[in-house]
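>>> coords below, sequence missing:
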């Protein structure tokens, strides 16, 4: 029985030893967890502080950049206006001369159109007069008229001769028929 008592004692000692080791391990894990949480909180505070500074400084820098952009835009606007005024001063005289030239040309064309309209109106109101014929044109016309008249007379004569010939044949046929009868 001494062996079983010895086994129980060894088991109890081992159980006690394991329990102590587990308690030590538990305490160490708690300490490590506490220190990890504390370190994380401290690092978070530091990062929070750094980010706060970055936001404050970044906002200020963004404001300065915006001011620089607006100042640049104002400067560009002033340069543009100044350049426009200079260019207008350079071209102003030429623009005036061109405007006067265009107005003068317009007035001249307008006057010519008015004159043309008046001429057309006078021409339309006047009766059309025949041009006197030249002797050669009169002779040519007379020849054409004579030829046309001759052609008409010849055609009429041919018709009359044909009609007369037909009538003579009919009459001759009647006379022959009467003589035979």
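That came in fine, so what should we check first? Keep in mind it's a predicted model, so treat the numbers as computed, not measured.
>>> In this protein, where's the longest helix?
In terms of residue count, the longest helix belonging to the chain (DSSP state H) is helix 2-125.
>>> what about residue 84, neighbour count?
Neighbour count for residue 84, taken as other Cβ atoms under 10 Å: 10. To be clear about C-beta, it is placed using only N, CA and C from the backbone, and glycine gets the same treatment.
>>> heads up, I number from 338, so please use that
From this message on, residue numbering opens at 338, which makes the last subject residue 421.
>>> so what's it up against?
When the contact criterion is Cβ atoms under 8 Å, 6 or more residues apart in numbering, residue 421 has no partners at all.
>>> And it, how close does it get to residue 427?
11 Å (Cβ to Cβ, to the nearest Å).
>>> Mutual contacts of these two, please.
Listed contacts common to residue 421 and residue 427 are nil; contacts here mean Cβ under 8 Å, 6+ apart.
>>> Which secondary structure elements does the least confident helix or strand in the chain by mean pLDDT sit against?
Sorting the helices and strands of the chain by mean pLDDT, DSSP states H and E puts helix 472-517 at the bottom, at a mean of 79. Packed against helix 472-517, as judged by 3 or more Cβ pairs under 8 Å, 6 or more residues apart in numbering; DSSP states H and E, are no other helices or strands.
>>> how far out from the middle of the chain is it?
In this view, helix 472-517 has its centroid 81 Å away from the chain centroid, taken as Cα atoms, centre = their mean, to the nearest Å.
>>> Check stretch 397-407 too.
Using Cα atoms, centre = their mean, the offset of stretch 397-407 from its chain centre is 39 Å.
>>> model confidence over that stretch, on average?
The pLDDT scores in stretch 397-407 average 86.
>>> mind listing what residue 432 touches?
Per Cβ under 8 Å, 6+ apart, neighbours of residue 432: none.
>>> again, but for residue 361
With Cβ under 8 Å, 6+ apart as the criterion, no residue contacts residue 361.
>>> Would you mind measuring from it to residue 353?
For residue 361, the distance to residue 353 - Cβ to Cβ - is 13 Å.
>>> How many residues are close by residue 423?
10.
>>> One more: residue 398?
Residue 398 has 11 neighbours, counted by other Cβ under 10 Å.
>>> Ok, residue 387 next?
Neighbours of residue 387 under the rule other Cβ under 10 Å: 10.
>>> And it, how far from residue 394?
Per Cβ to Cβ, residue 387 is found 10 Å from residue 394.
>>> Please apply the same query to residue 488.
Plainly put, residue 488 is 120 Å away from residue 394 if you go by Cβ to Cβ.
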